[in-house]
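> Provided below are the primary sequence and the corresponding predicted coordinates.
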Amino acid sequence: MLQWVSSTRAAAKAITPEVIGRPPSDGPAEPHGGAAGRAGELAINDHQFLVIERDGAGGVNAAVKKIYKIDITGATDIRNVPALPQTGIPGGIVAVTKGVDPFIDLLDFTDPAHPPFIPLATFPEKIEGLAFGPDLPDGRHVLVVTNDNDFMPNQSNRFFVFAIDPVDLLGFTPQDIAPSHRCPDDEDDDEQ
């Protein structure tokens, strides 16, 4: 992960997925032997994010499709760390904090007892997209979660849409990505 400051157009802090934390060694593995990994991040505010942890398996082989809330406050800036180990966190490195329980476990919706029911046999393999939509009239935040079908005609694109109570996203700050939000030195970019 890279924390970016748009006004200076520079990285303020770098945190790698290894520092976020890997699945436990007894965690689910993908069919080709790899462990579950991270596939997407979405800013809640300037220090909290939603992150996707997933395996690469779909259908009945899907085992990990979770969204966690993390906080980078106090995490070590690793821009100047020459290398990180494959496992574990070295001394002197402070990892981001991550909730113990998932914010959302998408596979919970494959249980017929928890509507809306999504048959596990049709569950997509690559959950990769997160975005906030416009807030609902009652103040709940809209969270959209998507999969990547790699442009394969035999694989569906799915959009999972959640209404999130504001109490579950305290400190939420909508991102300002309007075209009028520009860096001072961007003016000449339009003249090319």
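Cool, the structure landed.
> list the buried ones in stretch 127-135?
The neighbour-count check on stretch 127-135 (16 or more other CB atoms under 10 Å) flags 127, 128, 129, 130, 132 as buried. For the C-beta atoms, the positions are set from N, CA and C on the backbone; glycine is no exception.
> Check whether the third one really touches residue 147, as I assumed.
Yes: in terms of CB atoms under 8 Å, residue 129 counts as a neighbour of residue 147; the distance is 7.3 Å.
> how long is stretch 148-156 from one end to the other?
End-to-end span of stretch 148-156 (CA to CA, to the nearest Å): 9 Å.
> how about the helices of the protein, start to end?
Assigned by DSSP state H, the helices in the chain fall at 17-20.
> looking at it, which helix or strand is least sure?
The helix or strand of the chain with the poorest confidence is helix 17-20; it has a mean of 45 (mean pLDDT, DSSP states H and E).
> what pairs with the residue nearest the centre of the chain across the strands?
Central residue of the chain (CA atoms, centre = their mean): residue 51, 2.3 Å from the mean position. In this entry, residue 51 is beta-bridged to residue 41, residue 68, by DSSP bridges.
> ok, it to residue 151 distance?
25 Å (CB to CB, to the nearest Å).
> would you list every one of the strands in the protein?
For the chain, applying DSSP state E gives strands covering 2-5, 10-14, 37-43, 48-54, 65-71, 97-98, 104-105, 127-132, 141-147, 159-164.
> The fourth one to strand 141-147, inter-axis angle?
Taking axes from the mean of the first three to the mean of the last three CA atoms, to 10 degrees, strand 48-54 and strand 141-147 form an angle of 30 degrees between their directions.
> give the contact list for the nearest residue to residue 150 once chain neighbours are set aside.
Leaving out its chain neighbours, the residue that sits closest to residue 150 by CB to CB, 6 or more residues apart in numbering is residue 126, at 7.3 Å. For residue 126, the contact set (CB atoms under 8 Å, 6 or more residues apart in numbering) comprises 39, 54, 56, 58, 147, 148, 149, 150.
> Tabulate these (a markdown table), appending neighbour count.
A markdown table is the format used below for those (neighbours: other CB atoms under 10 Å):
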| residue | neighbour count |
| --- | --- |
| 39 | 20 |
| 54 | 26 |
| 56 | 18 |
| 58 | 19 |
| 147 | 23 |
| 148 | 16 |
| 149 | 17 |
| 150 | 8 |
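> Which of the residues you listed scores worst on pLDDT?
Of all the contacts of residue 126, residue 39 has the smallest pLDDT value, namely 79.
> Distance check, that residue against residue 128.
Counting by CB to CB, the gap from residue 39 to residue 128 is 5 Å.
> Next, show the common contact partners of those two.
Counting by CB under 8 Å, 6+ apart, the shared contacts of residue 39 and residue 128 are 52, 54.
> ok, so of the contacts of residue 126, who is nearest residue 83?
Closest approach between those and residue 83, by CB to CB: residue 39, at 23.5 Å.
> doesn't residue 122 make contact with residue 155?
No: counting by CB under 8 Å, residue 155 sits too far from residue 122 to count as a contact (10.2 Å).
> Alright, I will stop here.
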